[in-house]
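Engineer: just a sequence and a predicted model for now, questions to come.
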Amino acid sequence: MTAPPRDGATLDSAIVIATSDPSEGIAAETTHIHRMYGTDVEYTRQLILHEQGRTYDVVCLLVGGREEKVYFDVSSFFTYRPPRNP
C-alpha cells in the first residue's frame, strides 16, 4: 500500500511543513497556496485541528467562486497546549 499524495486536499494528505520557525512555516503555506491556486485567492477561514497527536492548519479559500480547503501538517512549529483548568 502506498502513501496518499501530499496534495493538501484532505487531512490524510496534508502538506507537511518541515520547519521549526513559525514565520517560515506560514510563508511556506502561502507559497504552496499560490503554487496551487495562483495569487488571486480570498482567504475566508482558518482552523487549527489536533488529531492523533498531530496539529493541522486548515486554510479555507475562495477560488474562482468556489470554496477550497488546504490542509497543512504544522506539528513541527505549532505546539498544542490544552487549556488549563482554572
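Structural biologist: Looks like it came in fine.

Engineer: which residues in this structure form helices?
Structural biologist: Taking DSSP state H, the helices of the chain run over residues 22-37.

Engineer: strands along that one, start to end?
Structural biologist: In the chain, the segments counted as strands under DSSP state E are 15-16, 42-51, 54-63, 66-73.

Engineer: reformat those strands as a markdown table; add mean pLDDT.
Structural biologist: Formatted as a markdown table, the strands of the chain follow (pLDDT from 0 to 100):
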| stretch | mean pLDDT |
| --- | --- |
| strand 15-16 | 96 |
| strand 42-51 | 94 |
| strand 54-63 | 95 |
| strand 66-73 | 96 |
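
Engineer: export the ones you listed to CSV and tack on distance to residue 29?
Structural biologist: Where C-beta positions appear, they are placed from N, C-alpha and C, glycine not excepted. Formatted as CSV, those follow (distance: least, Cβ to Cβ, whole Å):
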stretch, distance to residue 29
strand 15-16, 8
strand 42-51, 10
strand 54-63, 7
strand 66-73, 5
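
Engineer: would JSON lines of those strands with distance to residue 30 and mean neighbour count be doable?
Structural biologist: Listed next are the strands of the chain as JSON lines, based on distance: least, Cβ to Cβ, whole Å; neighbours: other Cβ atoms under 10 Å:
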{"stretch": "strand 15-16", "distance to residue 30": "12", "mean neighbour count": "18"}
{"stretch": "strand 42-51", "distance to residue 30": "10", "mean neighbour count": "11"}
{"stretch": "strand 54-63", "distance to residue 30": "9", "mean neighbour count": "17"}
{"stretch": "strand 66-73", "distance to residue 30": "11", "mean neighbour count": "17"}
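
Engineer: who wins for proximity to residue 22 among these?
Structural biologist: strand 54-63 (10.8 Å; Cβ to Cβ).
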